[in-house]
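# Quick one, fold the following:
(2 chains)
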Amino acid sequence: MTTTLRPARTPVRAAAPPRPARYALVVTGLLLALAAAAVASLALGSVRVPPGQVLDALTGRAGPSPYRTIVLDVRLPRVLLGVVVGAGLAVVGAVLQALVRNRLADPFLLGISSGASAGAVLVLVIGVGGGVTTTLALPAGAFAGALLALVLVYGLARRGGTMTGSRLVLAGVAVSYILSALATLLLVVAGRPEQFQEAMYWSLGGLGSARWDTLALPAAVLAVGVGVLLALARPLDLLLTGEEGATVLGLDTARFRAAVFVLASLVTAVMVAASGAVGFIGLMAPHAARLAVGAPHRRLLPVAALGGALALVLADLGARTVAAPQDIPVGVLTALTGGPLFLWLMRRHPEGAPR
Amino acid sequence: MTELRLHGLSYEDRLRSVDLTVRPGETVGLIGPNGSGKTTLLRCVYGTLAPTAGRATLDGDDLHALGAKARARRVATVPQDSATEFELTVHELVALGRSPHKRFWEGDTDADRERAAAALARVGLTELADRPYPTLSGGERQRALVARALVQAPALLVLDEPTNHLDIRHQLDVLALVRTLGTTNLLALHDLNLAGAYCDRLYVLERGRIVTGGTPAEVLTPALLDAVYGVEAEVIPHPRTGSPTVVYLHGPPGGQEPSIM
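Next comes the predicted model:
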């Protein structure tokens, strides 16, 4: 007991709240970019609407006109659905990455989106409630499918005690294929031809079905989901320190994980029911957000949500204009940009490297 | 002050009916060869393993029955390492030590940030506060985890090989720091001389059982070192402090006999 602790070289001071200015800057920048992308999306497309007309329609100054109909009834719900779905998928991606402690997690890659698609197709084919209640029956079916896929993938990847990123992604891809195949089989055997067409949305992803009356549920689920997850920012941060670290800091990891998995499945399912399986948003947006504002979820989730919204609105704008008047499924564009990012991340963070 | 008692604590075949007491304010060291059950014992105390038989109690409360959060308010842990795939900064990681004392939706207050900054200063990591934790060296990480435990303001501090990756200066600093906190401390140690110098009492584990326990002078004997570790050693009092100091007799394998023999 003869040693004495070295006196601190620098005086004790409260560290400034980490990067607050940067956070505000990033959020402001994203909001401005999102607003610009939204206005561009309202103006551009198979019919060009002059920016002045867009603003008139939005502010209610325009009288009844084809422009007003295009902007308010066709494009605006589509843009808003893009915002909601992009934000939802990004937040779910960020949360899944914390839950499985792997930055390659994404609702698409973990098979949750495919599970949701299969569930939705099942509802479509057996025709629960006919036409009217499908706005609720489809998401419910998707939720059941998403939960099933998640349980399968997690169970398969965990076998043998340890869960590595490669096991997780392999299990996700395999389950994803199986469920997609089952959904296709179901459609071919039991579905009607027009259902087959409709079901293509779920396999490719697209915002073309956006209408005002299909927007409320995803928006509500997003608001509740993001609110709850923001409140859970601290336990989510604890998960980043590992199973043992989270437990010794007081988190019941098994219960917490199960609860958040269910919430993540719900958000994913509702987004997929609205827009099909749009891949890689949940991978790209959280990654970019972490680079910008760091890993703590209180800052990460809002930035990821805005980033995801921006990414999907831009991707959808691209999907509608690149090959106009052809409408490319937006999932194709997100896969074309997100796939390479996935490969880059995989190379950059090889497994077995010290963590 | 807090007292830790283990009553017949067992975990599968790795820990067999261990009885152990850490009296209020005491610093107790666990020593024993690799695989003797030190980490398993500590895990049963800090709660990541559920004992298969027996109990660990803190002032009479069963630690396992307490639940994760109530336990974390009273027991802080410095594990061997903390995995992190994502880049929390050192300050962010240390500030998470306040979690057991907060509702899950509460953010950090200025007081929390000050505590974290003070803890970082105590382990000499102030300059690295904004560095991503995964970029730290092993020793710096270990000190960050010690700082996190300080921020937790525990009654019982459990440390698993806290000096593992540290250079000698920081080994002495961390152990001296642990003794100044006024906590009851249980730590697993490899270095017998550090165990002898910094612990009030030692327990020796071998294949999941406690072989012996007592003051360092009682425990660290040539006979015990031979029986448990299979090494020949002399134990002499430290010339200045008088703490038992182990001097190993090592000859080159197949070479000449150690000169003392």
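# for chain B, which spans come out with low pLDDT?
Chain B contains residues with pLDDT under 70 at B:82-85, B:251-261.
# Identify the residue nearest the geometric centre of it.
Residue closest to the average C-alpha location in chain B (C-alpha atoms, centre = their mean): residue B:159, at 2.2 Å.
# Return the distance of the strand or helix carrying that one from the chain's centre.
When elements are assigned from DSSP states H and E, residue B:159 belongs to strand B:156-160. Its chain's average C-alpha position is 5 Å from that of strand B:156-160, according to C-alpha atoms, centre = their mean, to the nearest Å.
# and it, which strands flank it?
Partner strands for strand B:156-160, per DSSP bridges, with pairing direction: strand B:75-78 (parallel), strand B:184-188 (parallel).
# Would the helix or strand following it count as contacting chain A?
Using DSSP H and E, the next helix or strand after strand B:156-160 towards the C-terminus is helix B:168-180. Yes - among the residues of helix B:168-180, B:169, B:172-173, B:175-177, B:179-180 lie within reach of chain A under C-beta under 8 Å from any C-beta of the partner chain. Quick note: C-beta positions are derived from backbone N, CA and C, even for glycine.
# Pull out the buried positions in helix B:168-180.
Neighbour-count burial for helix B:168-180 flags B:170-179 (criterion: 16 or more other C-beta atoms under 10 Å in any protein chain shown).
# Sort out which one of these lies nearest residue B:224 for me.
Nearest to residue B:224 among these, counting by C-beta to C-beta, is residue B:175 at 21.7 Å.
# Counting neighbours, what do you get for residue B:76?
27 (other C-beta atoms under 10 Å in any protein chain shown).
# Could you report the distance from it to residue A:246?
14 Å (C-beta to C-beta, to the nearest Å).
# do residue A:283 as well
23 Å.
# How many neighbouring residues does the closest residue to chain A within the stretch 51-200 of chain B have?
With C-beta to the nearest C-beta as the measure, residue B:72 is the residue of the stretch 51-200 of chain B nearest to chain A, at 3.2 Å. The local packing of residue B:72 (other C-beta under 10 Å) involves 25 other residues.
# Equivalent analysis for residue B:131, please.
Applying other C-beta under 10 Å, I find that residue B:131 has 16 neighbouring residues.
# Check the gap between it and residue A:310 for me.
30 Å.
# just residue B:197 next, same as before
From residue B:197 to residue A:310 the distance is 59 Å (C-beta to C-beta).
# neighbour-wise, which of those two wins?
residue A:310 (26 against 22).
# Please identify which helix or strand holds that one.
Residue A:310 belongs to helix A:297-321, assigned by DSSP H and E.
# Would you mind checking the average pLDDT for that helix?
Regarding helix A:297-321, the rounded mean pLDDT is 94.
# Residue A:179 touches residue A:117, doesn't it?
Yes - using C-beta atoms under 8 Å, residue A:179 is in contact with residue A:117, at 7.4 Å.
# which residues do the two both contact?
Shared contacts of residue A:179 and residue A:117 (C-beta atoms under 8 Å, 6 or more residues apart in numbering or on different chains): residue A:145.
# what does the stretch 101-250 of chain B put close to chain A?
B:102, B:104-107, B:110, B:113-114, B:116-118, B:121-122, B:124, B:126-127, B:129-130, B:134, B:152, B:169, B:172-173, B:175-177, B:179-180, B:197-198, B:240-241.
# Take the residues you listed and keep only those in helices.
Assigned to helices by DSSP state H, the following of those qualify: B:110, B:113-114, B:116-118, B:121-122, B:169, B:172-173, B:175-177, B:179-180, B:197-198.
# For residue B:154, see how far away residue B:182 is.
11 Å.
# now do residue A:117
With C-beta to C-beta as the criterion, residue A:117 and residue B:154 are 48 Å apart.
# now do residue A:84
44 Å.
# Comparing those two, which residue is more hemmed in?
More crowded of residue A:84 and residue B:154, by other C-beta under 10 Å: residue A:84, with 28 against 23.
# Quick one: residues contacting the more buried one.
A:215, A:218-219, A:222, A:271, A:274, A:309.
# try residue A:272
Counting by C-beta under 8 Å, 6+ apart, residue A:272 touches A:107, A:113, A:116-117, A:120, A:142, A:146, A:202.
# rerun that using 7 Å as the cut-off
A:113, A:116-117, A:120, A:142, A:202 (C-beta atoms under 7 Å, 6 or more residues apart in numbering or on different chains).
# likewise residue A:175?
Per C-beta under 7 Å, 6+ apart, neighbours of residue A:175: A:111, A:149, A:152-153.
# Between those, identify the one with the most neighbours.
Neighbour max across the contacts of residue A:175 (other C-beta under 10 Å) = residue A:111, 31 neighbours.
# just to revisit the earlier point, would you mind putting the strands paired with strand B:156-160 into TSV with distance to residue A:323 alongside?
Compiled in TSV, the strands paired with strand B:156-160 are given as follows (distance: least, C-beta to C-beta, whole Å):
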stretch	distance to residue A:323
strand B:75-78	58
strand B:184-188	65
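# Pick the most deeply packed of these.
strand B:75-78 (a mean of 28; mean count of other C-beta atoms under 10 Å in any protein chain shown).
# Now do the helix or strand encompassing residue B:142: everything it contacts.
Using DSSP H and E, residue B:142 falls within helix B:138-151. Residues outside helix B:138-151 that contact it (C-beta under 7 Å, 6+ apart): B:76-79, B:81-82, B:90, B:93-98, B:115-116, B:119-120, B:122-125, B:128, B:133, B:136, B:157, B:162, B:164-167, B:170, B:174.
# sorry, back to before: out of the contacts of residue A:84, flag the one nearest to chain B.
Nearest to chain B among those is residue A:222, at 18.9 Å by C-beta to the nearest C-beta.
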